[in-house]
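Fold the following.
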Amino acid sequence: MEVVILCGGKGTRLSEETVLKPKPMVEIGDKPILWHIMKSYSHYGYKKFVLALGYKANYIKNYFYNYRIASNDFTLNMDPQSQLQYHGASDEKDWEITFVDTGLETLKGGRIKRLEKYVTSDKFHLTYGDGVCDVDISKLVDFHNNHDRMGTVTAVHPPSRFGEMSLESNAVLDFHEKPQMNSGYINGGYFIFDRKLFDYLTEDENCDLEFGPLQEIVQENQLNAYIHDDFWQCMDNVRERNYLSTLIEKRKAPWMVWDK
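Take a look at the predicted model:
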């Protein structure tokens, strides 16, 4: 299963950082939040990533293109015909990353549709590039496989400024992105979808995910809710970035399951 990560947004509420870099590359601790998300999936064995790029796409491309140099000792022979000799290898050596420029202004649904040809599995992971969570990915996959619906969304407890989902048992009954809360759960990302999702999307840059496609899928009773009552945190502003960095510094970052 590929892991599709939405990395194209501008992150205007972190403008002091995102004037220079895309939001997924804002660092918590000493690594971009995108790296933390990828590391979480990798811990559970999912190491094939498809990144939907947009704003400052080259920043993300350059970071990973130069990752081996930045992460390892190496010997450089000045002969132009020679190759770099790396000493050791990073834990990320098994990652395969596909970088797809999905447009500067494209909404989430259009971004996902534009990378369809790079998703080869019957089911795939999908998440946002600005939130971390200690959800057990293996249990999430088992849950999706044991319920006969097209998609699964991880339902989390948010601050009240977020929207909500109306749930009955494990089914999503209604999907609102930002009204006042009633049930106490919101869309936390960390989706799993069957390939049928692509049939609900278009490459039009105005094709959204939450407004339209997900609402239609909900009306067809095809969206599961995987309840996650433990840690989840997005990074929308400086306060949240600092909070996540502080958790790392104190070695109390629940999502860093690879570091336990």
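
what number of residues lie near residue 46?
Each residue near residue 46 was counted by other Cβ atoms under 10 Å, and the total is 19. The C-beta positions use only the backbone N, C-alpha and C, and glycine is treated the same way.

how close does it get to residue 195?
Relative to residue 195, residue 46 is positioned 16 Å away (criterion: Cβ to Cβ, to the nearest Å).

give me the number of residues near the residue lying closest to residue 195 once chain neighbours are set aside?
The shortest distance from residue 195 to any non-neighbouring residue, by Cβ to Cβ, 6 or more residues apart in numbering, is to residue 122 (5.9 Å). Counted with other Cβ under 10 Å, the burial measure for residue 122 works out to 9 neighbours.

Looks like residue 122 contacts residue 193 (just checking).
No: assessed by Cβ atoms under 8 Å, residue 122 is found out of contact with residue 193, at 10.1 Å.

Quick one: end-to-end length of stretch 90-97, please.
This stretch, stretch 90-97, spans 15 Å end to end (Cα to Cα, to the nearest Å).

Check which residues of it are buried.
The neighbour-count check on stretch 90-97 (16 or more other Cβ atoms under 10 Å) flags 92, 95, 97 as buried.

tell me the SS of the residue lying closest to residue 129 once chain neighbours are set aside?
Take residue 129 and drop its neighbours on the chain: the residue closest to it by Cβ to Cβ, 6+ apart is residue 24, 3.5 Å away. In three-state terms, and counting by DSSP: H, G, I helix; E, B strand; the rest coil, residue 24 is helix.

For residue 24, give its distance to residue 141.
Relative to residue 141, residue 24 is positioned 23 Å away (criterion: Cβ to Cβ).

what about the helices in the stretch 51-200 of the chain?
Applying DSSP state H, counting those that start in this stretch to the stretch 51-200 of the chain gives helices spanning 57-65, 67-71, 108-114, 137-145.

which of those helices sits most buried?
Among the helices of the stretch 51-200 of the chain, judged by mean count of other Cβ atoms under 10 Å, the one packed with the most neighbours on average is helix 108-114 (a mean of 24).

Dump that helix to CSV, restricted to CA.
Output of helix 108-114 as CSV, limited to C-alpha atoms (Å, rounded to 0.1, in the frame of the first residue of the first chain):
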residue,chain,number,x,y,z
LYS,A,108,-7.0,18.4,-2.1
GLY,A,109,-9.3,16.3,-4.3
GLY,A,110,-7.6,17.5,-7.5
ARG,A,111,-4.2,16.8,-6.1
ILE,A,112,-5.1,13.2,-5.2
LYS,A,113,-6.6,12.6,-8.7
ARG,A,114,-3.5,14.0,-10.4
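
What separation do you get for residue 9 and residue 204?
Separation of residue 9 from residue 204 (Cβ to Cβ): 18 Å.

Neighbour count: those two, which is higher?
Legend: neighbour count by other Cβ under 10 Å for residue 9 and residue 204, higher for residue 9 (19 against 13).

Let me see the contact set for that one.
By Cβ atoms under 8 Å, 6 or more residues apart in numbering, the residues touching residue 9 are 22, 23, 54, 55, 129, 130.

Report the residue spans of this protein with pLDDT below the cut-off.
159-165, 175-183 (pLDDT under 70).
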